[in-house]
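S.K.: Have a look at this fold, sequence not included:
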């Protein structure tokens, strides 16, 4: 087949209806001339009969049996299709199109067209989803539209395209010729995916030959088809609606009770005001600056910035999957220094693990000071679980129930699949073992951090009790254990031929499962926090250690230099002209970069606590961050769902650029913040109030430990970090329990895709 003929075939295949200038067909099986096909390549508005959409209905109507057919009913998936009704509907639509009736013209009008930027990675033409779903006739037997996203294999075409003559650039290792072009089609809802697939292939074969599209593969699948049908609520959906309605009812009635009792000046029962917005909201938004040796104020700022970094990195991973008209720009974007904020953004996880270890040690030592070296381990575990789990359980419930009703459209077929991941793995999320049990299908993708942090929390007595009793003597085995864990990561890299640098990495998923998600690979950073917390509590609490100015400057320069090296050190390895890195380089860099990053964060905390932070400490200790930090746990659990829903609801093309990504980040961040305020008021704060009412925890004892809750709230996401401080979520500095760190103060991570933005 001639090259011009091949190009014409592709164009005719992808182009579809439409021009405003319609001309009536002379024959439904009209064979187009080569000249007309070439017209389509120039952007000429083709007549209706020249479009793939029209030919689909023309051929479908001509090929449809005129009489009765056997086996008219066809069961596909969960739906029953009527073959005879499908044939009738195709003929009626074809005849109505010939008669230029608006309702019928909507069917071909909604098909996708030849896209702009096909050779820049824009391999989807979605058409008009809403118009197709709403398409219907207005008389006789009702015909309704059904939208399907067809997947056309175009490898044959691309194999014949003559590429530009240029040197191969290593950065394009992921940029391969596209295999699938996705095309939105609109057919009657009576037609099954199999019937639609058969007709589409018949049209392609009859008019365009078999040299451009691979007709052996299925193009139409039921999971990529949607029509407007009555909503049928399942049992879990009804339960979720009742549950959320009940929570809102409790919030309203509890607030009314709180208000009435306040007006009367009467005492309030703690259980009855647990859901009161009037009681819980001030605990979030009221900020009091407390000068106490038990409060490390700069942790609030570190925590908030790390949370924003998490949302930023995850946002880029979702942003990459959108239908960009210039998607191939990604492969030049990864060569920019700016991209390292995303590609190497997982370092913020090590900030959280460090703070988790520090605060847990600090809180545990305070508890053991009060109880003469004892920890109530069963109660510690119980309080952590009951404070951590409600918000996670609510998000899991939403995903498994109402999530499916949160959006629809072509991108929902591709990105709105989180409920399918939860179907079999939800229980592992609630038990915090998903990082080992289902590393490839985690229900809430970012919850691997919660699993690791919780597992470290449950292991913490093995380190804390000896450290409290034996002091420095216990440090030796702890340090040796941490070094062994570092060696384990190193050995895993060597044994599996892993490389940290994405240009050569062909095992991203396996590397994440073996070195990113496992708890044992995260222990060194966490132990650094524990050891740092030990020295800070036993040697530094309540006093400031003086340090000569030149040593302070040296410390800041070394810390910032180390962090910049950890973040941008791998940059030169992804540049096109850089030689391949030896295997051992990545094996060393992975564990050592995490460790050095944690040590640098440790310097920042130590310097700020001891008065050597200057303007940096003033900024990180800003009272604004104190209020913001009380929402970060809910933000962490919720933000990925917000991002996925926002992305999956798209029904139009987008553009890839840093500015567009930042705009989307603000969009996602604002909605996440709003949802997190509600979640904190509806679930997190009430659980703390109920716990306090039942167990009597957090009764004010001002003379002893007025700032314990504040310590916890200052502590970043210290899910693993703390045992059970009282109303940290509510963050009211009157809570006084001698327990370690707030279980509700969890901090985020940057999941595996952050390591590889192209793998979302």
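M.R.: Thanks, I have the structure now. Nothing here was measured: the structure is a model prediction, and the numbers come from that model.
S.K.: Residue 161 and residue 155, how far apart?
M.R.: Distance of residue 161 to residue 155, given as Cβ to Cβ, to the nearest Å: 11 Å. C-beta: built from backbone N, CA, C; applies to glycine.
S.K.: which residues are common contacts for those two?
M.R.: Residues touching both residue 161 and residue 155 (Cβ atoms under 8 Å, 6 or more residues apart in numbering): residue 177.
S.K.: and residue 659, how many neighbours?
M.R.: 8 (other Cβ atoms under 10 Å).
S.K.: Could you look up the next helix or strand downstream of the helix or strand that contains it?
M.R.: Of the helices and strands defined by DSSP states H and E, residue 659 is found in helix 658-679. Moving toward the C-terminus from helix 658-679, the next helix or strand (DSSP H and E) is helix 685-695.
S.K.: Check which residues of that following helix are buried.
M.R.: Neighbour-count burial for helix 685-695, with 16 or more other Cβ atoms under 10 Å as criterion, is recorded at 685, 686, 687, 688, 689, 690, 691, 692, 693.
S.K.: pLDDT below threshold where in this structure?
M.R.: Within the chain, the stretches with pLDDT under 70 are 1-50, 64-79, 138-140, 165-174, 501-506, 696-760.
S.K.: and the longest helix seen in it, how far out from the chain's middle?
M.R.: The longest helix of the chain (DSSP state H) is helix 235-264. The chain centre lies 30 Å from the centre of helix 235-264; the measure is Cα atoms, centre = their mean, to the nearest Å.
S.K.: Which helix or strand contains residue 289?
M.R.: Counting by DSSP H and E, residue 289 is part of no helix or strand.
S.K.: how much space is there between the residue nearest to it when sequence neighbours are not counted and residue 300?
M.R.: Of all residues not flanking residue 289 in the chain, residue 623 sits nearest, at 6.0 Å (Cβ to Cβ, 6 or more residues apart in numbering). From residue 623 over to residue 300 the distance is 9 Å, taken as Cβ to Cβ.
S.K.: now residue 241
M.R.: To residue 300, residue 241 is 37 Å away according to Cβ to Cβ.
S.K.: Of these two, which one has the most company?
M.R.: Under the criterion of other Cβ under 10 Å, the comparison of residue 241 against residue 300 puts residue 300 first, with 28 against 13.
S.K.: neighbours of the residue nearest to that one when sequence neighbours are not counted, just the number please.
M.R.: Spatially, and ignoring its direct neighbours in sequence, residue 300 is nearest to residue 625 (4.0 Å; Cβ to Cβ, 6+ apart). Residue 625 sits with 23 neighbouring residues when counted by other Cβ under 10 Å.
S.K.: same check, this time on residue 612
M.R.: 22.
S.K.: How about the secondary structure of it?
M.R.: Classification of residue 612 using DSSP: H, G, I helix; E, B strand; the rest coil returns coil.
S.K.: unless I'm mixing things up, it is touching residue 552, no?
M.R.: Yes. Residue 612 lies in contact with residue 552 (Cβ atoms under 8 Å); the separation is 4.7 Å.
S.K.: Confirm for me that residue 204 is in contact with residue 215.
M.R.: Yes. The pair residue 204 and residue 215 qualifies as a contact (Cβ under 8 Å) at a distance of 6.5 Å.
S.K.: more crowded one of the two?
M.R.: Just comparing residue 204 and residue 215: by other Cβ under 10 Å the higher neighbour count belongs to residue 204, 23 against 18.
S.K.: Leaving out chain neighbours, which residue sits closest to the more buried one?
M.R.: Once flanking residues are discounted, residue 204 sits nearest to residue 213: 5.6 Å by Cβ to Cβ, 6+ apart.
S.K.: quick one: contacts for the one you found?
M.R.: By Cβ under 8 Å, 6+ apart, the contact list for residue 213 reads 13, 152, 153, 154, 156, 157, 204.
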